[in-house]
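J.: Give me a model of this one.
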Amino acid sequence: MAAFNDKPCETCQHYDAVMRGMPGGKGGLRETNWAWCAKRSKYPSKEGPGQKFPAEVARVEEGAMAAPFIVKRGQVVANCDTYTPRGNAPTKADLLKQLQVKSGNVITGH
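T.: I've put the predicted structure just below:
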């Protein structure tokens, strides 16, 4: 039986926000209200240019379609048994800002 959860998804460490905008562009890179649940999703086999997937995510085989589990900021998934409080971990936006500063606004994929 799944555990009962009453916490919004954005407070979970598995909340992988979808980003929009361009580094160095008007408004810069910023989080949208949508995210992948890094624990329940199956990510593409390789990261695209400028993408950075969370560590230890499940990936599909090369050529297969990704299977995202999309959540919205403020959403509560009551039957979620993978919820883990974020704690003081930096957000994806914070990590990308740090990367931009270190690389002089040049972000490339793997």
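J.: mean confidence for the longest strand seen in the chain?
T.: Longest strand in the chain, counting residues (DSSP state E): strand 30-37. Across strand 30-37, the average pLDDT comes to 93.
J.: ok, that strand: who's next to it in the sheet?
T.: Strands that pair with strand 30-37, judged by DSSP bridges, come out as strand 15-20 (antiparallel), strand 70-72 (antiparallel).
J.: what's the offset of it from the middle of its chain?
T.: Chain-centre distance of strand 30-37: 7 Å, with C-alpha atoms, centre = their mean, to the nearest Å.
J.: which residues are contacting it?
T.: Residues outside strand 30-37 that contact it (C-beta atoms under 8 Å, 6 or more residues apart in numbering): 9-10, 12, 14-21, 43, 68-74, 77, 82, 91-93. (C-beta placed from N, C-alpha, C; glycine too.)
J.: How about stretch 66-73?
T.: Contacts of stretch 66-73 (C-beta under 8 Å, 6+ apart): 8-10, 15, 33-37, 40-44, 60, 77.
J.: ok, the closest residue to residue 22 other than its chain neighbours - contacts?
T.: Spatially, and ignoring its direct neighbours in sequence, residue 22 is nearest to residue 29 (6.8 Å; C-beta to C-beta, 6 or more residues apart in numbering). Residues in contact with residue 29 (C-beta under 8 Å, 6+ apart) are 19-23, 93, 96-97, 100.
J.: of these, closest to residue 50?
T.: residue 23 (7.5 Å; C-beta to C-beta).
J.: coming back round to it: quick check on the contacts of residue 29: which are buried?
T.: Using 16 or more other C-beta atoms under 10 Å as the burial test, these include 19, 23, 96-97, 100 as buried.
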